[in-house]
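> Provide a 3D model corresponding to the input given below.
(one chain, ligands or ions: 1)
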Amino acid sequence: MRPRVLLLAGLEPTGRAGLLADVAAVRARGGDAVAVPTAQTAQGSHTFAVVPASPRMLAAQVTAAREWGPLHAVKWGVVPGPSQLSTAKAALKDSDAWWVVDPVVRSSRGQVLSRLTPRHYLALAGPRVLVTPNLEEAAWLLGRPALGTVEDAQEAAEALCQRGFGAVLVKGGHLPEGQGLADVLAFSGRTLVMRGRRLKRPPERRGTGCRLASALAAELGRGTGPEAAVRAAREHVTGYLRTGRD
Ligand SMILES: Cc1ncc(COP(=O)(O)O)c(N)n1
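Below is the predicted model:
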């Protein structure tokens, strides 16, 4: 089955991160991508700009896509503000697609991409919603101090499940050196620690969070369960880090 995946994300024209990276990941996983920009961005070595999408156009693009057939999964990347969020939510009413929510409000270089608050993200929770915060985002969502250990990540993943998310993947790529690398997946009352090897990331290979969430959406959309979907998506990102290709 070819999953049809809606990508709601910021357009970064070089494709290092954001919508074009998402499209590449979904296609590489054998899915069909429906790409709806939530914002236009410019992210160069000295240049940075973000312009939110018009909510009317956003609604029309999601509605038009649904007129051609069902969406099997939705990946939420950068959502610049509350009006894009509420418009996209309304346009997706009555869809039973899995949602993968990447709560990205800043670029890896620290630039602000979104005005959303933890409250907005917590309001997206539901049984078929998988949220993919990194350690910093997980602490931010829960209003907690920085998370520095695998145990902190486990506890945060479980706390976010308690808030109503069907599955939570806390990405441990930024754990302190001594802690190794581990992602934590919590769902259906289980918590799995998925260990991995830290790979060197060439600076131009950005958008790993975007690719992980998009590959996950393609897998969940195809009907793969959360655990196998996360394993496949992690392999996708490992391949990207090694080769620079999806
Ligand atoms: C439009 C958009 N979406 C997501 C990211 C995060 O990616 P990264 O963490 O590599 O900066 C980004 N920089 N821009």
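
> Please compute how far the host helix or strand of residue 217 lies from its chain's middle.
Per DSSP states H and E: residue 217 is located in helix 208-222. Going by CA atoms, centre = their mean, to the nearest Å, the spacing between the C-alpha centre of helix 208-222 and its chain's C-alpha centre is 7 Å.

> So which elements touch that helix?
For helix 208-222, the packing partners by 3 or more CB pairs under 8 Å, 6 or more residues apart in numbering; DSSP states H and E come out as strand 4-11, helix 19-28, strand 73-76, strand 98-101, helix 226-243. From N, CA and C alone the C-beta is placed, and that goes for glycine too.

> helices or strands next to the first one in the packing?
Helices and strands touching strand 4-11, by 3+ CB pairs under 8 Å, 6+ apart, are helix 19-28, strand 32-43, helix 55-67, strand 73-76, helix 208-222.

> let's see 6 Å
For strand 4-11, the elements it packs on are helix 19-28, strand 32-43, strand 73-76, helix 208-222, judged by 3 or more CB pairs under 6 Å, 6 or more residues apart in numbering; DSSP states H and E.

> for the longest one, same thing?
In this structure, helix 226-243 packs against helix 208-222, with contacts taken as 3+ CB pairs under 6 Å, 6+ apart.

> Residues contacting the helix it packs on, please?
Helix 208-222 is contacted from outside by 1, 3, 5, 17, 21-22, 25-26, 29, 31, 72-73, 75, 77, 98, 100, 102, 132, 229, 232-233, 236-237, 240, using CB atoms under 6 Å, 6 or more residues apart in numbering.

> Now, of these, which are buried?
By neighbour count, with 16 or more other CB atoms under 10 Å, the contacts of helix 208-222 hold 3, 5, 17, 21-22, 25-26, 29, 31, 72-73, 75, 77, 98, 100, 102, 132, 229, 232-233, 236-237, 240 as buried.

> Now narrow these to whatever sits close to the ligand.
The residues of these that also fall near the ligand, by CB under 6 Å from any ligand atom, are 17, 77.

> returning to what we had before: turn the helices and strands packed on strand 4-11 into a markdown table, columns for mean pLDDT.
Below are these laid out as a markdown table (pLDDT from 0 to 100):
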| stretch | mean pLDDT |
| --- | --- |
| helix 19-28 | 98 |
| strand 32-43 | 98 |
| strand 73-76 | 98 |
| helix 208-222 | 98 |
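
> out of these, which comes closest to residue 124?
strand 73-76 (7.2 Å; CB to CB).
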